[in-house]
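Visitor: Prediction below, plus the sequence it came from.
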Amino acid sequence: MIGKDIIFIIFAVITVGSAALVVFSKKIIYAAFSLMLSLFGVAALFVFLNADFLAAVQVIVYVGGILVLILFGVLLTVKISSDNVISHLSQRIWGSIAAVGMFVLIFIAITRTNWTILDKSEDVVYYPQSEAIGIQLLTNYILPFEVASILLLAALIGAMFLVRPENK
Amino acid sequence: MITLEVFLTIGALLFVFGILAVVTKRNAIGVLMGVELILNAANVNFIAFSFFTDTGIDGIMIALFIFVIAVAEAAVALAIVLNIFRNMQTINVDEIDSLKK
């Protein structure tokens, strides 16, 4: 049990620390790689929550898809050597105050609420979830499933339409 | 150690850092990274609630659809950013102010 806790703490620190690096790194390319580490950490946290399928999807979709997309965006638009990605000082100060205040509010709400949770103190049984997800997708969630496919098609056509060349 | 409150706190931290990235980055792609962090924070919360309470598999299904929306958002937003760069030669969000002139 203690070894599991140690591994969990390591991944939690990696996740939150890389998220902080995304915010505070001066160069946009460092922020992109920190974001990759943070998304990996979130995938590891999913494993601790018995979400094996979502952990795999997180790695494939976020790290393999969205992050490559973001890196291409960085390479196509920004001079890598330019380091003026951080805004003015006053904006940073007010943003930090707002963020800290928001975190304090959320933390108070978390600690003061009486959650009715299941007893997960000892010996959590982990089991594969892909079968249950598949059954749910084709029964209760069939309408969101179809709507999601239409949304993806619309996003695909829209993105291609937006970046087409100017001259016909 | 692995309790609901810990996961909610991690989610809150990710959300706050995402908000901070959206607010303080000058680069439009940095803003997009902040949005991805916010969506991940929501996912962590959904899956934590799905694991620690008796709501069954609903949290996981909602997280799955959040993935779909995140992908669509990233693709369209990056297409818009590339278009802005082609038209204005910059993607710093404080310099894209031609509507003010």
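Guide: Looks like it came in fine.
Visitor: Name the helix or strand of chain A that has the lowest mean pLDDT.
Guide: Sorted by mean pLDDT, DSSP states H and E, the helices and strands of chain A end with helix A:67-77, the least confident at a mean of 86.
Visitor: residues in contact with that helix?
Guide: Applying Cβ atoms under 8 Å, 6 or more residues apart in numbering or on different chains, the contact partners of helix A:67-77 are A:28-29, A:32, A:35-36, A:39, A:80, B:29, B:32-33, B:36, B:74-75, B:78, B:81-82, B:85, B:91. Heads up, the C-betas are built off the backbone N, CA and C, glycines and all.
Visitor: buried ones in it?
Guide: By 16 or more other Cβ atoms under 10 Å in any protein chain shown, the buried positions in helix A:67-77 come out as A:Leu67, A:Leu69, A:Ile70, A:Leu71, A:Gly73, A:Val74, A:Thr77.
Visitor: mind listing what's buried in stretch A:105-112?
Guide: Using 16+ other Cβ under 10 Å as the test for burial, stretch A:105-112 gives A:Ile106, A:Phe107, A:Ile110.
Visitor: check contacts around B:Thr90.
Guide: Shown in contact with B:Thr90 (Cβ under 8 Å, 6+ apart): B:Ile96.
Visitor: In three-state terms, label it for me.
Guide: The local conformation at B:Thr90, judged by DSSP: H, G, I helix; E, B strand; the rest coil, is coil.
Visitor: can you list the domain ranges for chain A.
Guide: Following automatic domain parsing, chain A resolves into domains at A:1-85, A:128-168.
Visitor: Comparing those domains, which comes out most buried?
Guide: Ranked by mean neighbour count under mean count of other Cβ atoms under 10 Å in any protein chain shown, these are led by domain A:1-85, which reaches a mean of 18.
Visitor: how much space between the nearest residue to A:Leu21 once chain neighbours are set aside and B:Val35?
Guide: Nearest residue to A:Leu21, sequence neighbours excluded (Cβ to Cβ, 6 or more residues apart in numbering or on different chains): A:Ser34, at 3.8 Å. Distance, A:Ser34 to B:Val35, using Cβ to Cβ, to the nearest Å: 15 Å.
Visitor: before we move on, what about B:Phe67?
Guide: In terms of Cβ to Cβ, B:Phe67 sits 14 Å off from B:Val35.
Visitor: what about those two, which has more around it?
Guide: Using other Cβ atoms under 10 Å in any protein chain shown, the more surrounded residue of B:Phe67 and B:Val35 is B:Phe67, with 20 against 17.
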